[in-house]
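*Asks:* Predicted model and sequence follow; I will ask about them next.
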Amino acid sequence: MYYLDKRLQYPVKVDKPDPIYARMLQQAIGGIEGEIRVCMQYFFQAWGNRAPTTKYRDMLLNTATEELGHIEMLATAVAMNLETAPTKVQEAGAADAIVGAVMGGENPRHIAEGMLHKTLLSTGMAAFPGNSDGLPFDMSHIYASGNIAADMYCNVAAESTGRVLAVRLYNATNDAGMRDMWSFLIARDTMHQQQWLAVIEELGGHQGNLPIPNSFPQEKENQKFNYNFFSSSADGSPPPEGRWTQGPSLDGKGEYSIVQNQPMGQEPVLGPARPDSAAQSEQIG
């Protein structure tokens, strides 16, 4: 169960409302790098977590609940950037609502008749669960595999791309209130990256976790190809050297090398179509 406190997790202030920036904020709510994504990802990872201890489940639930507060902050910021927008900002697209919205970078879901005489088409001057292009968040980027190590690596990626977006949104405004809000959210992204990496370390780091899943007997995989970098250059020239082309593998179980990628299998020929497959007569043998 969850408890409600009407107060925001951190203050949200807007000095100069900006409907265009409100659209940009939507990406941090319902974009693939956004807060809905990480919130739902952590909840479903927690709800499906199986382990002798509940500490990872508890950690995920605590952070998922924190992310709900981040969604609330951003939704409040969107509404504040829209609700009290000065008339001169609203009138920017009034002459031609569609052209003004497109050329001005404004979202038609936020801008109706240039916002001069009408409120939002769908949300009434408020945020919605979608990205900056108006596409609804469809949960297709929620990763909850049931493997704690795999999930932690996914979480590092989610928080990394989320922090990249947050930094871009910080740089995209000069509003002191918005920058203060982002300074908090960026700081939380820093901690979340650290905590997922800390779980990986606690589980044994790269050597203890890789390859994922570490429960599969590695002797059952093809030993000729488990630590080779496949080079696919047309002329057979070797790729530039990197950490992944030579030296011991990160899990300490192999040695990296380069192999020229070349066909080892047969040409796939499926044969004629079945008489009952609704193919053309020429396809049926």
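*Replies:* It's in. The shown structure was predicted, so the numbers you read here are calculated from the model rather than taken from an experiment. Numbers count the residues shown, from 1 in each chain.
*Asks:* Output the below-cut-off pLDDT ranges for the stretch 151-285 of the chain.
*Replies:* Under the criterion pLDDT under 70, no range of the stretch 151-285 of the chain is flagged.
*Asks:* what are the ranges of the helices in it?
*Replies:* Using DSSP state H, counting those that start in this stretch, the helices of the stretch 151-285 of the chain run over 176-202, 205-209.
*Asks:* I'd like to know which elements the first one is packed against.
*Replies:* Read that as helix 176-202. helix 55-83, helix 148-171 (3 or more C-beta pairs under 8 Å, 6 or more residues apart in numbering; DSSP states H and E). Quick note: C-beta positions are derived from backbone N, CA and C, even for glycine.
*Asks:* Now do that helix against helix 55-83, angle only.
*Replies:* 160 degrees (axes from the mean of the first three to the mean of the last three C-alpha atoms, to 10 degrees).
*Asks:* Does Phe137 touch Ile36 like I think?
*Replies:* Yes - using C-beta atoms under 8 Å, Phe137 makes contact with Ile36 at a distance of 5.0 Å.
*Asks:* shared neighbours of those two, which are they?
*Replies:* 29-30, 129 (C-beta atoms under 8 Å, 6 or more residues apart in numbering).
*Asks:* So between Phe137 and Ile36, which is more surrounded?
*Replies:* Neighbours per residue (other C-beta atoms under 10 Å) separate Phe137 from Ile36, with Ile36 holding more: 24 against 21.
*Asks:* Roughly how far does that one sit from Tyr170?
*Replies:* In this view, Ile36 and Tyr170 are 20 Å apart by C-beta to C-beta, to the nearest Å.
*Asks:* For Gly162, which non-adjacent residue is spatially closest?
*Replies:* Leaving aside its sequence neighbours, Gly162 sits nearest to Glu33 (C-beta to C-beta, 6 or more residues apart in numbering; 4.9 Å).
*Asks:* host element of the one you found?
*Replies:* If you go by DSSP states H and E, Glu33 is not part of any helix or strand.
*Asks:* Repeat that for the one 5 residues further on.
*Replies:* Counting by DSSP H and E, the element that carries Val38 is helix 35-47.
*Asks:* list the buried ones in that helix?
*Replies:* The neighbour-count criterion (16 or more other C-beta atoms under 10 Å) identifies 35-46 as the buried residues of helix 35-47.
*Asks:* Report all helices and strands that it contacts.
*Replies:* Checking 3+ C-beta pairs under 8 Å, 6+ apart, helix 35-47 ends up next to helix 19-30, helix 55-83, helix 148-171.
*Asks:* Which of the helices or strands spans Thr123?
*Replies:* Per DSSP H and E, there is no helix or strand for Thr123.
*Asks:* I'd like the distance between it and His70.
*Replies:* 19 Å.
*Asks:* Ok, Ile142 next?
*Replies:* From Ile142 to His70 the distance is 16 Å (C-beta to C-beta).
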